[in-house]
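Asks: Sequence first, predicted model second:
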Amino acid sequence: MKEIEKIPHYHEKWIKIGLDCGECDFEKAKEFARIVYEQAGEKCPDQFYLTDSPTACAKLAVKLRGIEENSEEYSSAFFTELNNQVFGSHESGWLAYYEFIWKEMGVVECEKLQGLMEIAKHVGWWAPYDTCVIFQHKHSEIHLDDQMRLHNETGPAVVYRDGTKVWAIGGIGLTEQIVMAPETLTIEQINRENNNEIRSVMINRFGWARYVKESNSTLLDFRQNDIENTMEALYATEIFGKRLVVTCPTGRIFVLGAPDSVQTCEQAQAWLGSNEDSEDKVNVIART
Amino acid sequence: MEVIEKMQQFVSKVSKNEHETVKPGQPVRFTEACMPGDRIWQGDLALTIRTSVPSNYNLADKPSVQLVVGNTEGSKHCLDSLNNVDIYLPPVWNAESLKGPVLVVKQETTVLHPTHGDVTIPEGFIVECTYQKEWDKEQAREARARD
């Protein structure tokens, strides 16, 4: 399909828009907002605001509703307004898809989204209401890993102009404590976290060696592996199942998950390396 | 002393190059006497001697010196040259794969790595690259399949 060959063009274009850290072009944003309302068959309000971040946008929306900051309903109103924010550069992934199927696949209904596509070049998320429109500047800083996931192990992954920060490693949203001060985490905090991905990052940053020690994990087996020049210890942990703690000849310690069925370090190593369908019996002769 | 402390002391010695026998980045080599099934681990890359190239593997059109998919330092397991090997690839080879290229070594060749030791393979061997399994990823894959 010749359309497939065009994907890199849309990919590159929208990645650039999504990662752009430029300020909002307020006049352009207003111009395209009017087109969005028109394409949706709605009347565009005259009142426009510009804010620095998603949190500032939500706070302003709550204030415009007349809800006091100390009131009982504030928190739920704040999160409602946060969820009311739409498209802009943060939704470049969806907009790339819509533009591709419109221009390359002939899905003409997507033409109505042209205003949304244009406005994304000038703002971060934005919030269109009946009585006003609140825009946001784009983020001022963004950090990704090699898989294009939000990622920064030494600072915030996203920063907005008012100092609002998003903390993430490998695309997983975290707290500042996990990223910047993992040594201050407690075993209780780690065990209490019920999101597996977050918990896994927490423990990796806290340190597995410290975790098995402080959480009183049970040592099941230990061996000195003279062929591979390693020391290996198999632990049963309360939350994370079985973990093989293994030294590496490069002078580091790795902790590798192992299935519940393994009882010894040898069995754990055999499982970690068993992905062959050859009939040759594997015989490890060295590790470096 | 607790086992974990013993291990921490061990790696501390190794990383400071104070251990008598274990030295970081020590090069190793398959000897000519090696047999099918013999394996050397270079970090989480397993290099295993095989008797033949699997029938579903194809000679790479555009071979790469890098034997592990990825851009991180850890994934830089690289051949010293493309001149001495034919590289066969499995039907699917990506960051999730557990099986990588198979090397048919025509002249002695070395797999280099920035932190692990280099692994030298003598002429005439067929070597399969496979990757260490990860329990957490396996579980995530199973969970995705269930969903």
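Replies: Perfect, thanks for sending it. Numbers count the residues shown, from 1 in each chain, chains lettered A, B, ... in the order given.

Asks: what sits up against whichever strand or helix holds residue B:13?
Replies: Using DSSP states H and E, residue B:13 maps to helix B:3-15. If you take Cβ atoms under 8 Å, 6 or more residues apart in numbering or on different chains as the criterion, helix B:3-15 is touched by A:209, A:212-213, A:219, A:222, A:231, A:233, A:245, A:247-253, B:1, B:19, B:22-24. Every residue, glycine included, has its C-beta placed from N, CA and C.

Asks: How far off centre is stretch A:245-261?
Replies: 26 Å (Cα atoms, centre = their mean, to the nearest Å).

Asks: again with stretch B:59-67
Replies: Distance of stretch B:59-67 from the chain centroid (Cα atoms, centre = their mean) equals 15 Å.

Asks: can you confirm residue A:219 is in a helix?
Replies: No. Membership of residue A:219 in a helix is not supported by DSSP: H, G, I helix; E, B strand; the rest coil, which gives strand.

Asks: Quickly note the distance from the residue nearest the centre of chain B to chain A.
Replies: Central residue of chain B (Cα atoms, centre = their mean): residue B:45, 2.4 Å from the mean position. Applying Cβ to the nearest Cβ, to the nearest Å, the value for residue B:45 to chain A is 10 Å.

Asks: now that residue, which residues is it bridged with?
Replies: residue B:42, residue B:131 (DSSP bridges).

Asks: And the strands in chain A?
Replies: Assigned by DSSP state E, the strands in chain A fall at A:47-51, A:127-128, A:132-136, A:141-142, A:158-159, A:165-169, A:172-174, A:218-225, A:230-237, A:241-248, A:252-258, A:283-287.

Asks: Quick one: list the elements packing against the last one.
Replies: Under the contact criterion of 3 or more Cβ pairs under 8 Å, 6 or more residues apart in numbering or on different chains; DSSP states H and E, the helices and strands touching strand A:283-287 comprise strand B:38-42.

Asks: The strand it packs on vs strand A:283-287, what angle?
Replies: Put simply, strand B:38-42 runs at 30 degrees to strand A:283-287, going by axes from the mean of the first three to the mean of the last three Cα atoms, to 10 degrees.

Asks: Touching strand B:38-42 from outside, list them.
Replies: A:228, A:273, A:282-288, B:28, B:30, B:46-49, B:77, B:111, B:113, B:116-117, B:119, B:132.

Asks: Around residue 48, how many other residues sit close by?
Replies: All of this is about chain A. A total of 17 residues lie near residue A:48 under the criterion other Cβ atoms under 10 Å in any protein chain shown.

Asks: That was the other one, I meant chain B.
Replies: Around residue B:48 there are 24 other residues, counting by other Cβ under 10 Å.

Asks: how close does the nearest residue to it once chain neighbours are set aside get to residue A:200?
Replies: Leaving aside its sequence neighbours, residue B:48 sits nearest to residue B:39 (Cβ to Cβ, 6 or more residues apart in numbering or on different chains; 4.3 Å). From residue B:39 over to residue A:200 the distance is 28 Å, taken as Cβ to Cβ, to the nearest Å.

Asks: Also residue A:182?
Replies: To residue A:200, residue A:182 is 13 Å away according to Cβ to Cβ.

Asks: now do residue A:123
Replies: To residue A:200, residue A:123 is 35 Å away according to Cβ to Cβ.

Asks: Of those two, which one has the most company?
Replies: residue A:123 (26 against 18).

Asks: Only the buried residues of the helix or strand hosting residue B:141, if you could.
Replies: Using DSSP H and E, the element containing residue B:141 is helix B:135-146. Across helix B:135-146, burial judged by 16 or more other Cβ atoms under 10 Å in any protein chain shown covers residue B:135.

Asks: repeat for stretch B:112-119
Replies: Residues B:112, B:113, B:115, B:116, B:117, B:118, B:119 are the ones in stretch B:112-119 that count as buried (16+ other Cβ under 10 Å).

Asks: One more: stretch B:89-108?
Replies: So for stretch B:89-108, counting by 16+ other Cβ under 10 Å, buried means B:89, B:90, B:93, B:97, B:98, B:99, B:100, B:101, B:102, B:103, B:104, B:105.

Asks: The following helix or strand past the helix holding residue B:13 pairs with which strands, parallel or anti?
Replies: Next helix or strand after helix B:3-15 toward the C-terminus (DSSP H and E): strand B:28-29. When pairs are called by DSSP bridges, strand B:28-29 turns out to pair with strand B:119-121 (parallel).

Asks: what helix or strand is residue B:94 on?
Replies: Using DSSP H and E, residue B:94 sits within no helix or strand.

Asks: That one contacts residue B:69, doesn't it?
Replies: Yes. At 5.7 Å, residue B:94 counts as touching residue B:69 under the criterion of Cβ atoms under 8 Å.

Asks: how deep is residue A:248 tucked in, by neighbour count?
Replies: Residue neighbour count, defined by other Cβ under 10 Å, stands at 23 for residue A:248.
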